[in-house]
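Enquirer: A structural model of the following input is requested.
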Amino acid sequence: MKGTNRNDPITEKFLYTPADVAKINHTVPVSTVDSKEYSAVVFPGGNGATYDFPWDKNINRIAAAIYEQRRSCKSLKSIVLFLRLSIT
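Expert: Take a look at the predicted model:
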């Protein structure tokens, strides 16, 4: 994996845990996300939120739909989370 510090024990454990590697290899493309399936979206701080997210049409589509449907759209300094709605 390009751009990783393989000397870091946490990264090393992640890279050699098949279930964790599968999460990366099977990440859902943002372009395929249906906002109706999620109750919230959380955006991180940092360069991604500052420089990439404002110009990404898919991020804007998802955020606008969640906001307009009175669901939660928040900005934090950690990770992006799409929280699935509980369907029972």
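
Enquirer: So what's the residue count around residue 31?
Expert: Other residues near residue 31 come to 11 when the count uses other C-beta atoms under 10 Å. In short, each C-beta sits where N, CA and C put it, glycine included.

Enquirer: Secondary structure of it: a helix, I assume?
Expert: Yes: counting by DSSP: H, G, I helix; E, B strand; the rest coil, residue 31 is located in a helix.

Enquirer: Tell me, how many residues neighbour the closest residue to it other than its chain neighbours?
Expert: If the residues on either side of it in the chain are set aside, residue 31 comes closest to residue 58, at 4.9 Å by C-beta to C-beta, 6 or more residues apart in numbering. For residue 58, the neighbour count with other C-beta under 10 Å is 13.

Enquirer: Please identify the helix or strand for residue 58.
Expert: In this assignment (DSSP states H and E), residue 58 forms part of helix 57-68.

Enquirer: packing partners for that helix?
Expert: When contacts are defined as 3 or more C-beta pairs under 8 Å, 6 or more residues apart in numbering; DSSP states H and E, helix 57-68 sits against strand 38-43, strand 72-75.

Enquirer: what about 10 Å?
Expert: Under the contact definition 3 or more C-beta pairs under 10 Å, 6 or more residues apart in numbering; DSSP states H and E, helix 57-68 sits against strand 38-43, strand 72-75, strand 81-84.

Enquirer: The ones you listed: lowest mean pLDDT?
Expert: Averaged per stretch, pLDDT over these is lowest on strand 81-84, reaching a mean of 49.

Enquirer: who's in contact with the residue nearest to residue 31?
Expert: Contacts for residue 58 were tallied using C-beta atoms under 10 Å, 6 or more residues apart in numbering; they are 29-33.

Enquirer: Of those residues, select the buried ones using a ChimeraX command.
Expert: Selecting only the buried entries of the contacts of residue 58 in ChimeraX, with 16 or more other C-beta atoms under 10 Å as the criterion:
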select :33
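
Enquirer: okay, the contacts of residue 58 in CSV with distance to residue 12 and pLDDT next?
Expert: Output for these, formatted as CSV (distance: C-beta to C-beta, whole Å; pLDDT from 0 to 100):
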residue, distance to residue 12, pLDDT
29, 27, 89
30, 28, 87
31, 32, 93
32, 31, 93
33, 31, 89
